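Asker: Could you look at this predicted model? Sequence included:
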Amino acid sequence: MSEPVLKVENLVKYFPVRSGLLHKIVAHVKAVDKVSFDVQKGEIFGLIGESGSGKSTVAKTIVQIYNPTSGMIYFNGQNLSKLTKQTIGRFRHEVQMVFQDPKSSLNPRRSVMSILEDPLIIHGIGKSRVERKRIIHTLLGQVEMPSRYMYKYPSALSGGERQRIAIARALAVNPSFLVLDEPTSALDVSVQAKLINLFLRLKEKLALSYLFITHNLSLVRTIAARAGVMYLGKIYELGTMEMLFSHPVHPYTKTLIAATPVVSKEEERVKPREMSKEGEIPSPVNPPSGCAFHPRCSIAESRCSQALPSPVKVGPGHLVWCHRAEELAARAEELVVLE
């Protein structure tokens with residue numbers, strides 16, 4: 001396998017919690033805790049999990065909005081912790097992010113043309129206003145919007161149209177990698193489908209790679225090749241989408257898939273029946289000891305609350321962080337044989 005375009009190694013991001021008149025640090029929000037994965041060139045890699053699992057923090061740390069507490073992030077072999085004022089500009093050319101809510105990520109007081117012209121001016125693309133206007137015309141065409149929309153303001157656009165403008169802004173500097181943070185979650189289902197098709201067309205046309213972050217398993221199943229399942233700042237299962245859906249091993253992955261609506265008898269047949277205990281994701285300020293999922297896990301043992309599970313390889317490229325991973329993987333294989 002070739003060198004990955006993005007490689008994340010033991011990424012940690014803690015946020016301090018301050019209290020008192022002197023604002024002393026009394027605790028830390030453990031948003032991301034030793035997360036590792038890689039994305040191959042031309043691949044769509046999914047990051048899945050509930051709200052509060054740390055997915056967006058991973059994304060913002062990768063694009064250098066946040067500085068990591070520890071760990072390494074490599075892009076095209078370059079250690080991002082060693083970026084300088086000169087090299088950070090080149091990195092911004094290559095990696096861009098599309099945020100979840102286009103309404104809050106676009107300035108309502110500026111026209112579409114002004115919004116799209118900003119990155120061109122900052123990065124020195126287009127020598128004149130006329131040339132930049134031509135580039136903006138091309139950008140709008142790439143996201144399948146008429147050029148007349150450059151004179152409109154975000155308030156005059158629908159949610160789907162605003163997100164297309166956000167995508168065009170990300171494409172303005174000709175990146176090779178896009179971080180997509182829940183890019184369709186605020187939109188209607190029909191609009192989601194159109195944007196997913198747009199992302200797929202752009203990927204092929206512009207030779208892009210994606211990190212696709214979502215809580216929607218049905219959505220990521222249709223677009224991603226591989227994915228990592230996150231819970232409370234950690235990845236608990238990682239593998240191809242085919243393996244995650246046909247042979248899910250971790251109880252949390254099974255819970256997510258079991259809660260996913262199905263539209264065919266085939267999907268219903270392979271859908272896991274296991275569900276976690278009732279409850280919500282714990283606070284990242286004071287996470288449970290051992291495996292963080294153990295308070296909600298229906299098959300947890302005493303060791304689950306005492307020690308962190310080590311990664312177990314249960315198949316080609318299929319890793320599971322669970323004390324009972326081998327047993328659960330064997331059980332999944334038996335069920336497949338019986339079916």
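Answerer: Perfect, I can see it now.
Asker: Leu106 and Val32, how far apart?
Answerer: 27 Å (CB to CB, to the nearest Å). Yep, even glycine has a C-beta here, placed from its N, CA and C like the rest.
Asker: Looking at these two, which is more packed in?
Answerer: Val32 (30 against 21; other CB atoms under 10 Å).
Asker: Enumerate every residue touching Ile62.
Answerer: 6, 8, 73, 80, 95, 179, 211 (CB atoms under 8 Å, 6 or more residues apart in numbering).
Asker: List the buried residues in the longest strand seen in the chain.
Answerer: In the chain, taking DSSP state E as the definition, the longest strand is strand 24-39. Neighbour counts over strand 24-39 (16 or more other CB atoms under 10 Å) mark 29-33, 35-39 as buried.
Asker: my guess is Glu43 meets Ala225, correct?
Answerer: Yes. Judged on CB atoms under 8 Å, Glu43 makes contact with Ala225 at a distance of 5.4 Å.
Asker: Which one of the two is surrounded by more residues?
Answerer: Taking other CB under 10 Å, Glu43 and Ala225 do not tie; Glu43 has more neighbours (18 against 15).
Asker: residue ranges for the strands of this protein, please.
Answerer: Using DSSP E, strands in the chain cover 6-19, 24-39, 44-48, 70-75, 78-79, 95-98, 177-181, 209-214, 226-231, 234-240, 311-315, 318-321.
Asker: want to throw these into a markdown table with distance to Pro295?
Answerer: Formatted as a markdown table, the strands of the chain follow (distance: least, CB to CB, whole Å):
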| stretch | distance to Pro295 |
| --- | --- |
| strand 6-19 | 21 |
| strand 24-39 | 16 |
| strand 44-48 | 20 |
| strand 70-75 | 26 |
| strand 78-79 | 37 |
| strand 95-98 | 33 |
| strand 177-181 | 28 |
| strand 209-214 | 25 |
| strand 226-231 | 11 |
| strand 234-240 | 14 |
| strand 311-315 | 21 |
| strand 318-321 | 16 |
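Asker: looking at the ones you listed, which is closest to Gln192?
Answerer: strand 209-214 (10.3 Å; CB to CB).
Asker: Need the single longest helix in the protein, by residues.
Answerer: helix 189-206 (DSSP state H).
Asker: who does the nearest residue to Ser70 once chain neighbours are set aside bridge with?
Answerer: Once flanking residues are discounted, Ser70 sits nearest to Val12: 4.4 Å by CB to CB, 6 or more residues apart in numbering. Counting by DSSP bridges, Val12 is bridged to Asp33, Ser70.
Asker: wait, isn't Val12 in contact with Val32?
Answerer: Yes. In this structure Val12 lies within contact range of Val32 using CB under 8 Å: 6.1 Å.
Asker: What residues does Arg162 make contact with?
Answerer: Taking CB under 8 Å, 6+ apart as the test, what Arg162 contacts is 102-103, 106, 154.
Asker: list the buried ones in stretch 232-248?
Answerer: For stretch 232-248, the buried set under the neighbour-count rule, 16+ other CB under 10 Å, comprises 232-241, 243-245, 247-248.
Asker: actually stretch 64-79, not the one I wrote
Answerer: 64, 66, 68-69, 71, 73-75.
Asker: just stretch 167-179 next, same as before
Answerer: Those would be 167-173, 175-179, for stretch 167-179 by 16+ other CB under 10 Å.
Asker: With stretch 289-297 instead?
Answerer: So, applying 16+ other CB under 10 Å, buried residues of stretch 289-297: 290-297.
Asker: Which pair of these spans the longest distance?
Answerer: Farthest pair in the buried residues of stretch 289-297 (CB to CB) is Gly290 and Arg296. Separation: 12.9 Å.
Asker: End to end on stretch 43-59, go ahead and measure it.
Answerer: 16 Å (CA to CA, to the nearest Å).
Asker: Could you do stretch 304-314 as well?
Answerer: End-to-end for stretch 304-314, by CA to CA: 19 Å.
Asker: Let me know the average pLDDT across that stretch.
Answerer: Here stretch 304-314 scores 93 as its mean pLDDT.
Asker: list the buried ones in it?
Answerer: By neighbour count on 16+ other CB under 10 Å, the buried set for stretch 304-314 is 304, 309, 312, 314.
Asker: how much space between the first one and Lys234?
Answerer: In this case it means Cys304. Distance, Cys304 to Lys234, by CB to CB: 14 Å.
Asker: can you give me the helices in the stretch 51-200 of the chain?
Answerer: Secondary structure of the stretch 51-200 of the chain by DSSP state H, counting those that start in this stretch: the helices cover 55-62, 85-94, 102-105, 112-122, 129-142, 159-171, 189-206.
Asker: Okay, buried residues for the fourth one please.
Answerer: Put plainly, it is helix 112-122. 112-113, 115-117, 119-120.
Asker: Please apply the same query to the last one.
Answerer: Of the residues in helix 189-206, those scored as buried under the neighbour-count criterion (16+ other CB under 10 Å) are 191-192, 195-196, 198-199, 202-203.
Asker: cool, the shortest one as well?
Answerer: For helix 102-105, the buried set under the neighbour-count rule, 16+ other CB under 10 Å, comprises 102, 105.
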